[in-house]
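Student: just coords:
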């Protein structure tokens, strides 16, 4: 049965599709939040060395009036002093007792310190932000690799999950695998928040990324497969809007809470409620029809027609009423079709390898995917390093994706895929280069220019990424597109 013909009768995007599509978008919001939560859970807060004989041994304060001559650092054009994180000035033991006999506790005069520096083994943290750095003392350059490893494990998890969930969804159904990926993401995310040590945190970070990797792709498939041809680009864009909002929400939660455990629980615990989708969200009708589960597909289509307020034609109704939905026969037929499809994929892959033109296209696509991934995630992750409020900068860099997806949609329909991809990459590249140059040679008065160029660069790479998804699908032969 041609499901597009059914959609012509029940409506390409009626009340039934709208309701279920919005339900599918909600997990994407939390999936995006989980995918970038480590920007703040594993972020580097402000911290400095603990200064013996000066700091309160029990409740030291990060900001002290004497800190600028107890710890080396830099003072910017606004007069704000930023202490070094892992060094302090060596104290002059000969003057310590005399100084303290003249001053009250926690007051340290300049003559207590020499010009020599030494490394410290205890730190004082800015109380406005707590991350795993403070939780497990992951401080200084010697431990910097531990923070980098969090991001590495995340991307390894994304790659691992990408291979797993696509195969499972084709075999066992879109809905059940979609729900399982959400729950797996939620449980492992909670595990991250409750981790008792760094090793446990890293393991759960990897597992959480595996679960996260299935949420967006499966939501995209479920969404696209329930709407008509003319609504597919629109539905994909709406999904992307929810993704961008989810990314930005992490920054807001981190800003309000200032605690990494709260951030991780806020983005991971609520998705447990999506277990209810097993009884609420329908399976993909296209998948059911492909697997010959005609009777089950018929029940969903009849329900959709009722909610959309339309009456199905006799020819459509007859198709479902004539089906006995013999599950054993359906399974055998589906297995045979899957075997034939696999053989066809292998044959086409062999022919594709022999084609010089296709190999050149594949190489160009791979280069584009690598470039887009590095720039897109690089800008997202480094947004917290920009001058100003890092939470606001991060949120803006995420929210700029919304107009980016919209412009990609318009550009593809106006000037085509190739020009849209090329111009958006050029825009991102030029603005990033100019922004880096201004940041290197400019002063504090040009911060606004750097941030603006940063945002334009993210806008360009968002357009490029969106176009690349569509362009890749259209350039790769249909039979091997999902392989």
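Tutor: Thanks, I have the structure now. This one's a predicted model, so the numbers in the text were calculated from it and none came from an experiment.
Student: I figured residue 235 was touching residue 225, is that so?
Tutor: No - taking contacts as C-beta atoms under 8 Å, residue 235 lies outside contact range of residue 225: 9.9 Å. The C-beta positions use only the backbone N, C-alpha and C, and glycine is treated the same way.
Student: the more surrounded of these two?
Tutor: residue 235 (23 against 17; other C-beta atoms under 10 Å).
Student: list the contacts for that one?
Tutor: Residues in contact with residue 235 (C-beta atoms under 8 Å, 6 or more residues apart in numbering) are 13, 21, 223-224, 227.
Student: Please apply the same query to residue 127.
Tutor: residue 62.
Student: about what we covered before: turn the contacts of residue 235 into JSON lines, columns for pLDDT.
Tutor: Below are the contacts of residue 235 laid out as JSON lines (pLDDT from 0 to 100):
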{"residue": "13", "pLDDT": "84"}
{"residue": "21", "pLDDT": "92"}
{"residue": "223", "pLDDT": "86"}
{"residue": "224", "pLDDT": "82"}
{"residue": "227", "pLDDT": "82"}
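Student: Out of these, flag the one nearest to residue 369.
Tutor: residue 224 (20.2 Å; C-beta to C-beta).
Student: What count of nearby residues applies to that closest one?
Tutor: Neighbourhood size, residue 224 [other C-beta under 10 Å]: 18.
Student: I am assuming it contacts residue 233, so please confirm or correct that.
Tutor: No - contact criterion C-beta under 8 Å: residue 224 and residue 233 do not qualify, at 9.5 Å.
Student: about what we covered before: so which of the contacts of residue 235 belong to helices?
Tutor: If you go by DSSP state H, these have 21, 223-224 in helices.
Student: Can you name the two of the contacts of residue 235 that sit furthest apart?
Tutor: Greatest spacing in these, by C-beta to C-beta: 13 and 224 (11.6 Å).
Student: give the contact list for residue 143.
Tutor: The neighbours of residue 143, taking C-beta under 8 Å, 6+ apart as the test, are residue 137.
Student: now do residue 135
Tutor: residue 260.
Student: re earlier: can you redo the ones in helices among the contacts of residue 235 as a markdown table with distance to residue 114?
Tutor: Putting the ones in helices among the contacts of residue 235 into a markdown table (distance: C-beta to C-beta, whole Å) gives the following:
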| residue | distance to residue 114 |
| --- | --- |
| 21 | 67 |
| 223 | 66 |
| 224 | 68 |
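Student: of those residues, closest to residue 305?
Tutor: Nearest to residue 305, judged by C-beta to C-beta, of those is residue 21 at 16.9 Å.
Student: I'd like the distance between the residue nearest to that closest one when sequence neighbours are not counted and residue 174.
Tutor: Among residues not flanking residue 21 along the chain, residue 223 sits closest, at 5.5 Å (C-beta to C-beta, 6 or more residues apart in numbering). Look at residue 223 and residue 174: by C-beta to C-beta, to the nearest Å, they are 10 Å apart.
Student: got it, and residue 82?
Tutor: According to C-beta to C-beta, residue 82 stands 51 Å off from residue 174.
Student: higher neighbour count, the two?
Tutor: residue 174 (25 against 13).
Student: ok, and the closest non-adjacent residue to the more buried one?
Tutor: In space, and not counting its chain neighbours, residue 174 is closest to residue 284: 4.3 Å by C-beta to C-beta, 6+ apart.
Student: how close does the one you found get to residue 5?
Tutor: Taking C-beta to C-beta as the measure, residue 284 and residue 5 are separated by 17 Å.
Student: Of the two, which one has the most company?
Tutor: Comparing residue 284 with residue 5 by neighbour count (other C-beta under 10 Å), the higher total belongs to residue 284, at 25 against 11.
Student: was I right about that one contacting residue 175?
Tutor: Yes - using C-beta under 8 Å, residue 284 is in contact with residue 175, at 6.9 Å.
Student: what is in contact with the two at once?
Tutor: The contact sets of residue 284 and residue 175 overlap at residue 222 (C-beta under 8 Å, 6+ apart).
Student: Name the next helix or strand downstream of the helix or strand bottoming out on mean pLDDT in the chain, please.
Tutor: Least confident helix or strand of the chain, by mean pLDDT, DSSP states H and E, is helix 327-354 with a mean of 54. Downstream of helix 327-354, the next assigned helix or strand under DSSP states H and E is helix 356-382.
Student: For that next one, the averaged confidence score.
Tutor: What helix 356-382 shows for mean pLDDT is 85.
Student: Dump the contacts of residue 235 to CSV, plus distance to residue 381.
Tutor: Supplementary listing: these in CSV, determined by distance: C-beta to C-beta, whole Å:
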residue, distance to residue 381
13, 36
21, 30
223, 27
224, 29
227, 33
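Student: List the contacts of residue 224.
Tutor: By C-beta under 8 Å, 6+ apart, the contact set of residue 224 is 232, 235-236.
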